[in-house]
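Visitor: just to be clear, the model below is a prediction. Sequence and coordinates:
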Amino acid sequence: MPSPLMADNRLYLLNAATMSCLEPATGKAIWSHSLSGQHLASPVSAEGRIYLFNSTGGSSVIAQGDTFSVLATNRLDSGCYASPAIVGQSLIVRTTSHLYRIGK
């Protein structure tokens, strides 16, 4: 199960295929959106973006905030079950067959 993510006074919840944004003080839903693929890795946040990886190799970058907005989608060689890590300006992603360092 993915861990919840708290960023910029918003609580983001990810269950297998749905991402939701909540107001943490009240629990009021701000938005909820279906995603493709099964997501088991926890979402991570950096520089106003949320990074999501699914179990079939798909990845998405969504904007933090009160409106759901996909900024980018990408494809990895295999699926991701482990939560990514942020190290400096890089994102470390372990899939079932590779270890990626994604950065500038």
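Guide: Perfect, I can see it now. None of these values were measured; they are calculated from a predicted model.
Visitor: what's the neighbour count on Ser90?
Guide: 14 (other C-beta atoms under 10 Å). In short, each C-beta sits where N, CA and C put it, glycine included.
Visitor: just Ala17 next, same as before
Guide: By other C-beta under 10 Å, the residues close to Ala17 number 13.
Visitor: and the closest residue to it other than its chain neighbours, how far from Thr18?
Guide: Nearest residue to Ala17, sequence neighbours excluded (C-beta to C-beta, 6 or more residues apart in numbering): Leu35, at 5.4 Å. Using C-beta to C-beta, to the nearest Å, Leu35 is found at 7 Å from Thr18.
Visitor: comparing those two, which shows the higher neighbour count?
Guide: Neighbour count, other C-beta under 10 Å: between Leu35 and Thr18, Leu35 has more, with 18 against 12.
Visitor: tell me the spacing between that one and Ser69.
Guide: Look at Leu35 and Ser69: by C-beta to C-beta, they are 13 Å apart.
Visitor: and His33, by the same measure?
Guide: Distance check for His33 against Ser69: by C-beta to C-beta, it reads 10 Å.
Visitor: give me the outermost residue of this protein relative to its centroid.
Guide: Distance from the C-alpha centroid of the chain peaks at Thr26, with 22.7 Å (C-alpha atoms, centre = their mean).
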